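Chemist: sequence and predicted model, in that order:
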Amino acid sequence: MKPDLQSAQPRGRGTVSNRVSRYDRVSRHAEADGWDREEDLPILRTQVSVERPRSIISYNRSPDLPFDRSINPYRGCEHGCVYCFARPSHAYLGLSPGLDFETRLVARPDAPEVLRTELARKSYKVAPLAIGTNTDPYQPIEREHGIMRRCLEVLEASGHPVAIVTKGALIERDLDVLGRMAQRGLVRVGISVTTLDATLSRLMEPRAPAPRRRLTIIRRLAQAGVPVRIMASPMVPALTDPELEAILAAGKDAGARSASWIMLRLPQEVSPLVQEWLAEHFPDRAARIMARLREMHGGQDYDARWGHRMRGEGPYAEIIAHRFTVAMKRLGLKEKAPPMRCDLFVPPRLPSAQLDLF
């Protein structure tokens, strides 16, 4: 059975429990011991283990996504965003999508070398590579491990295009590499801004940079010549959706060239985790929020069908989509960014014992 994180104090964490995954048959719960006295609960500390991957590029055939391949330098994410749709992936590791997802992380230090090997294969066909689609490559542990930086260096050296999604301020460390790649049409970055309310952000995304700080990241990337997208995602009905236009305007003012939005998604274990969080922090709005989400998903918490899962269906989803379209037109933002260049790609040369002929 898992360590009893239910009894630990989740200070600075997104979820309020460590509920078991869909694969677990046994769970543990904290119970009062009968003594009438308060006890100090242990504070959760982040633990990082190491994984040596055989391959690093993951491929997908989803028509909902603008890319067919991605890499993830880390598993789990210390930012602790309560709504993160990637939380269920921690179940594959035998860990909880709850507090385990944000406290028991996995670093993949060999990722740059494995990436170089995969790009060097004769069978490899170049196409834009996405990073940050599952867990944030610029979460706090990147400062120590530097895996993302080394992956970028591999991509830059081979002239490979890359699209990055992040909330992390640590991306500013790599402005030198990103700026050079941008000059060659090899990079674009999406910065996710869920709310402009710092207090709400701290509750939803406890270890991610504050909204104002993320707008500064957009500004610095734009000043370095890097194409930036403001991502108003996820939109939470009756909680963050009133801010849609303000988020887009703030992103535009900071230098974003394009924008996008996605409705809150509640796959697998994410739904009960978010409902626990709503009951804890917004009990007056919890029922309303869930009702709006179910309206968009045929009465279910979530519908994973392609073409439906990102934004839902029905009047409420149509209203948000219309507001987005009107705001985009008014602000002069674009929904689609210019394509990145694939013609500059040169496969990496791997070390060889054989001498060059010339």
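Modeler: Perfect, thanks for sending it. A quick note: this is a predicted structure, and the numbers were derived from the prediction, not measured.

Chemist: all contacts plus neighbour counts: C-alpha atoms, from now on.
Modeler: Will do.

Chemist: ok, which stretches of the stretch 1-150 of the chain are strands?
Modeler: Counting by DSSP state E, counting those that start in this stretch, the segments of the stretch 1-150 of the chain that form strands are 47-50, 58-59, 69-71, 74-75, 104-107, 129-131.

Chemist: pick the most buried one from the ones you listed.
Modeler: Highest mean neighbour count among the strands of the stretch 1-150 of the chain (mean count of other C-alpha atoms under 10 Å): strand 74-75, with a mean of 26.

Chemist: pass me the low-pLDDT residue ranges in the stretch 251-358 of the chain, would you?
Modeler: Along the stretch 251-358 of the chain, segments meeting pLDDT under 70 span 352-358.

Chemist: how about a cut-off of 50?
Modeler: Within the stretch 251-358 of the chain, no stretch falls below the threshold (pLDDT under 50).

Chemist: need the strands of the stretch 1-150 of the chain in JSON lines with mean pLDDT and distance to residue 22, can you?
Modeler: Shown next, in JSON lines, are the strands of the stretch 1-150 of the chain (pLDDT from 0 to 100; distance: least, C-alpha to C-alpha, whole Å):
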{"stretch": "strand 47-50", "mean pLDDT": "94", "distance to residue 22": "23"}
{"stretch": "strand 58-59", "mean pLDDT": "94", "distance to residue 22": "23"}
{"stretch": "strand 69-71", "mean pLDDT": "95", "distance to residue 22": "25"}
{"stretch": "strand 74-75", "mean pLDDT": "96", "distance to residue 22": "18"}
{"stretch": "strand 104-107", "mean pLDDT": "96", "distance to residue 22": "18"}
{"stretch": "strand 129-131", "mean pLDDT": "97", "distance to residue 22": "27"}
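
Chemist: export those to a markdown table and tack on distance to residue 24?
Modeler: Formatted as a markdown table, the strands of the stretch 1-150 of the chain follow (distance: least, C-alpha to C-alpha, whole Å):
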| stretch | distance to residue 24 |
| --- | --- |
| strand 47-50 | 21 |
| strand 58-59 | 26 |
| strand 69-71 | 27 |
| strand 74-75 | 19 |
| strand 104-107 | 17 |
| strand 129-131 | 30 |
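
Chemist: the longest helix in this structure is where?
Modeler: helix 315-331 (DSSP state H).

Chemist: now the residue lying closest to residue 210 once chain neighbours are set aside: how far from residue 238?
Modeler: Computed as C-alpha to C-alpha, 6 or more residues apart in numbering, the closest residue to residue 210 that is not its neighbour in sequence is residue 198, at 5.9 Å. For residue 198, the distance to residue 238 (C-alpha to C-alpha, to the nearest Å) stands at 17 Å.

Chemist: doesn't residue 208 make contact with the residue nearest to residue 210?
Modeler: No - between residue 198 and residue 208 there is no contact under C-alpha atoms under 8 Å: 10.8 Å.

Chemist: neighbour count for the two, which is higher?
Modeler: Higher neighbour count among residue 198 and residue 208: residue 208, with 24 against 15, using other C-alpha atoms under 10 Å.

Chemist: quick one: contacts for the more buried one?
Modeler: The neighbourhood of residue 208, defined by C-alpha atoms under 8 Å, 6 or more residues apart in numbering, consists of 79-81, 139, 167-168, 202.
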